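> structure for the following, please:
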Amino acid sequence: MRKVIGIGETILDILFKGGQPTAAVPGGSVFNGIISLGRLGVNVSFISETGNDKVGDIILNFMKENGVSTDHVNVFPEGKSPVSLAFLNERNDAEYLFYKDYPRLRLDVTMPEISRDDIVMIGSYYAVTPQLRDKIKDLLDHARQQGAIIYYDVNFRSTHKDEAIKLLPSILENFEYADIIRGSVEDFENMFALTDADKIYKSKLEFYCPRFICTHGGENIRLYAKGLKKDYEVEPLQTISTVGAGDNFNAGVVFGLLKHRIRRDDLDDLSEEDWDNVIRCGKDFSANVCMSLSNSISKEFAVGYK
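Numbering: from 1, shown residues only. Predicted structure coming up:
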């Protein structure tokens, strides 16, 4: 059975609406997608870290409840589990404040086994942070050697905009490792001051990775692949929260690759219909998560989608 291996932060998201807290939900950019895949019965592993405290307990129990092993989560005795405050605006998009207190020694864990055609998901600041770079590279090197698919969600927030030049070597390395890159227009504006998808692809990505999915909030999705460029309409939604929308788009794409038995050697030769099927899964997952305050697809949706 093919596996999905994710690496990223765990965090407790406290959501605010109208200045008042409305929900507290375990989250993290790759974490949100891994939880969704766990709810679908996918064989998932997640590499992460959390504190030995009540927030850490909430996160670990949440993982177990959703079919995600905690074997590769470093529970550190010093420091505290990270927390974020997510303030939803009138469009139900979030602005974040992060509170983090990590120890010096991080990700002191045993890495999971990776086999050919497994899928490794990386993304966000976690994938480029200097303190973890060696461990991220070790994972990616192993994944490449084993013939796994590497899926990279850029997810570069405006809070790190001033670090873009310093982090550029790691970003470009991730582009080179990746088999599929997903990024939003906002990500590339924060990194390169570019907002045109064609320019982003031609000047920054195509040399490293020919497969790029560009999202733009509730606007059209644009796919670039070998011999293919296509726009996909995003149907309008009455959202409750957009937190986790991109994360679950990623999970949907990964699920689509598994569902349609697409392996690494197939990626160069995918038909337009193949990509349509994969992108449809991404859109479905993203739409579902926008209909609640949860950061992942609902269990009811998961049961019906299998």
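
> shouldn't Asn74 be in contact with Phe46?
No. Using CB atoms under 8 Å, Asn74 makes no contact with Phe46, being 11.4 Å away. Heads up, the C-betas are built off the backbone N, CA and C, glycines and all.

> who has more neighbours out of the two?
Phe46 (27 against 16; other CB atoms under 10 Å).

> OK, contacts around the more buried one?
5-8, 30-31, 34, 63, 68-69, 72-73 (CB atoms under 8 Å, 6 or more residues apart in numbering).

> all strands of the stretch 151-300 of the chain, in order?
180-184, 212-215, 221-225, 228-232 (DSSP state E, counting those that start in this stretch).

> TSV for the ones you listed, including distance to Thr50?
Below are those laid out as TSV (distance: least, CB to CB, whole Å):
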stretch	distance to Thr50
strand 180-184	25
strand 212-215	29
strand 221-225	33
strand 228-232	36
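
> which element, helix or strand, includes Leu15?
Leu15 is located in strand 11-17, with elements delineated by DSSP states H and E.

> kindly report the same for Glu95.
Using DSSP H and E, Glu95 falls in strand 94-101.

> okay, the angle between that strand and strand 11-17?
Counting by axes from the mean of the first three to the mean of the last three CA atoms, to 10 degrees, strand 94-101 lies at 140 degrees to strand 11-17.

> tell me what the longest helix belonging to the chain is packed against?
Longest helix of the chain, by residue count under DSSP state H: helix 272-289. The contact analysis (3 or more CB pairs under 8 Å, 6 or more residues apart in numbering; DSSP states H and E) places helix 272-289 against helix 29-39, strand 221-225, strand 228-232, helix 245-259.

> could I get the buried residue list for the lowest-mean-pLDDT helix or strand in the chain?
Ranking every helix and strand in the chain by mean pLDDT, DSSP states H and E puts strand 94-101 at the bottom, with a mean of 87. By neighbour count with 16 or more other CB atoms under 10 Å, strand 94-101 contains the buried residues Ala94.

> residues in contact with that strand?
11, 15, 51, 79-80, 82-89, 157, 159, 241-243.

> and Arg182, how far is that from Met291?
21 Å (CB to CB, to the nearest Å).

> of these two, who's got more company?
Arg182 (24 against 15).

> okay, and Val120 sits in which element?
Assigned by DSSP H and E, Val120 falls in strand 119-123.

> surely Lys204 and Asp196 touch.
No. Using CB under 8 Å, Lys204 makes no contact with Asp196, being 11.0 Å away.

> the two: which is more packed in?
A count of neighbours by other CB under 10 Å puts Lys204 above the other of Lys204 and Asp196, at 19 against 12.

> without its sequence neighbours, what residue ends up closest to the more buried one?
Once flanking residues are discounted, Lys204 sits nearest to Phe192: 6.1 Å by CB to CB, 6 or more residues apart in numbering.

> and the strands of the stretch 151-300 of the chain: which comes nearest Arg263?
strand 180-184 (12.9 Å; CB to CB).

> give me the sheet partners of that closest one and which way each runs.
Strand 180-184 has its sheet partners listed here by DSSP bridges as strand 149-153 (parallel), strand 212-215 (parallel).

> what residues are up against the nearest residue to His160 once chain neighbours are set aside?
Once flanking residues are discounted, His160 sits nearest to Tyr125: 5.7 Å by CB to CB, 6+ apart. Contacts for Tyr125 (CB under 8 Å, 6+ apart) come out as 155-157, 160.

> quick one on the thing from earlier: okay, angle between the strand holding Leu15 and helix 29-39 too, please.
Using the same axes, to 10 degrees, strand 11-17 lies at 100 degrees relative to helix 29-39.

> distance between strand 11-17 and the chain's centre?
18 Å (CA atoms, centre = their mean, to the nearest Å).

> kindly report the same for stretch 37-52.
On CA atoms, centre = their mean, the centre of stretch 37-52 falls 12 Å from that of its chain.
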